[in-house]
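[1] have a look at this prediction, sequence included:
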Amino acid sequence: MKKYNSFRPGKVWLDTNGNRIQAHGGSVLYVDGTYYFYGENKEKTDGKSSIWHWGVRCYSSQDLYNWEDLGIIIPPNLEDKSSPLHPESCMDRPHIIYNKETKKFVCWLKIMQKDEKQTETVLIADKITGPYTIVKQGLQPLGMSAGDFDLVVSNDGKAYYYFDRVHSEMICAELTNDYTDVTGYYSTHFPQPHPPYVREAVAHFTYNYKQYLITSGTTGYLPNPSEVAVADTFHGPFKVLGNPHRNDETNTSFHSQISCVFKVEGKKNLYIACADRWLPQYSELKYEEYEELFHLLFSENKDENRIKELKKKYDNIVENTSIADYVWLPIRFEGPSEQHPDGMVYIDWLDEWKWEDWE
């Protein structure tokens, strides 16, 4: 058993049994004095087989450094190939919220179908650790192909579902009272013509009565610059503030993609941005090159030779996400300035840090 007393972004992070933590595209939830960290279990996703996931795994911690493996709380369905939980099904980014009225934990899963249509599977449980029961599958919220998302519960109990309408725009949709569907009321944000500029991997948090969204560009597992936006209400309008990763010369969000932001209990202003470093073995790849590739692919006058040259770099990438690492960094808020009249959110690189040292 390895004992940690600090965060070390980008370094291999082991659980209390000495195994790699497998909670990718994950989130942190605080329940009755305990932190729960859950996400995609990628232990068998080596990039060589057709296994995309091995269920949703959950960990618990009292100090945020040392995580006890609680096992797979949503197991893969090995028998039914058509199940959204089959290991070959592209299940991403589980999000769990608690409904005080129904007293149920509600989990949404993004499922990317073979035809690239993206749907949601919704499950409920009495405890955060399960067992979970599927109550909806094949759900296309608002009739849209729904990609990466976040679930948010406001202080008054109303819940919101932020998701990227695939390769188009960001949607904020209100959830039904039981949190298992959308009501039909929604707003649209950040329209973009095509990848890599379309926003995805949205992470929401509330600070000082304002609503913040941090999003990623659309480049698959290859990292790109993040973007932070702020609004007075859940439905916006959102104002884009810019890239929070200051001094990131690689333009790759420190070679990572944020999956959630959570507030540390007992701290006044400490929010942690949790990110995956999906492909640590390819840190030499440059964002500017695959930005150029996307631009060429969507151009009317395609330079086929240049496309072929750039594609060579990416065609041989092995997406071995079983060795993906984590990048957890504190968020810092700065007030209005001449350069940022609405204030700014920053995520600075730290080789090692402790939450105890922050306000």
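    Yep, that arrived. Residues are numbered from 1 along each chain as shown.
[2] got the contact list for the spatially most central residue of the chain?
    Nearest to the geometric centre of the chain sits residue 259, at 2.3 Å (Cα atoms, centre = their mean). The contact partners of residue 259, by Cβ atoms under 8 Å, 6 or more residues apart in numbering, come to 24-27, 39, 93, 201, 203, 274-276. Where you see a C-beta, it was placed from the backbone N, CA and C, and this is true even at glycine.
[3] farthest pair within these?
    24 and 203 (14.1 Å; Cβ to Cβ).
[4] how many neighbouring residues does the nearest residue to residue 291 once chain neighbours are set aside have?
    Among residues not flanking residue 291 along the chain, residue 196 sits closest, at 5.7 Å (Cβ to Cβ, 6 or more residues apart in numbering). For residue 196, the number of neighbouring residues by other Cβ atoms under 10 Å comes to 21.
[5] quick check, residue 196 in contact with residue 292.
    No: checked against Cβ atoms under 8 Å, the pair residue 196 and residue 292 is beyond contact range at 10.0 Å.
[6] just name the shakiest helix or strand of this structure by mean pLDDT.
    When the helices and strands of the chain are scored by mean pLDDT, DSSP states H and E, helix 287-297 comes last with a mean of 82.
[7] can you name the residues that contact the nearest residue to residue 89 once chain neighbours are set aside?
    Once flanking residues are discounted, residue 89 sits nearest to residue 111: 6.0 Å by Cβ to Cβ, 6+ apart. Applying Cβ under 8 Å, 6+ apart, we find residue 111 in contact with 84, 89-92, 118-121, 137.
[8] which parts of the least confident helix or strand of the chain are buried?
    Neighbour counts over helix 287-297 (16 or more other Cβ atoms under 10 Å) mark 287, 290-291, 293-294, 296 as buried.
[9] pick the one among these closest to residue 235.
    Closest to residue 235, out of all of those and judged by Cβ to Cβ, is residue 294, at 29.5 Å.
[10] now that closest one, nearest residue through space, not along the chain?
    Of all residues not flanking residue 294 in the chain, residue 196 sits nearest, at 4.7 Å (Cβ to Cβ, 6+ apart).
[11] quick check: the gap between that neighbour and residue 136.
    31 Å (Cβ to Cβ, to the nearest Å).
[12] which stretches in the stretch 251-359 of the chain count as strands?
    Secondary structure of the stretch 251-359 of the chain (DSSP state E, counting those that start in this stretch): strands at 257-263, 271-277, 325-334, 344-346.
[13] next one: stretch 5-13 to chain centre, how far?
    With Cα atoms, centre = their mean, to the nearest Å as the basis, stretch 5-13 stands 19 Å off its chain's centre.
[14] hmm, who's touching that stretch?
    Residues from elsewhere that reach stretch 5-13 (Cβ under 8 Å, 6+ apart): 4, 20-21, 64-65, 67, 254-256, 277, 280, 325-329, 349-355.
[15] switch the cut-off to 10 Å
    With Cβ atoms under 10 Å, 6 or more residues apart in numbering as the test, stretch 5-13 has contacts from 2, 4, 20-21, 23, 63-67, 254-256, 272, 275, 277, 280, 283, 323, 325-330, 349-357.
[16] and the strands of the stretch 251-359 of the chain: which comes nearest residue 308?
    Taking Cβ to Cβ, strand 257-263 is the member of the strands of the stretch 251-359 of the chain nearest to residue 308, at 27.1 Å.
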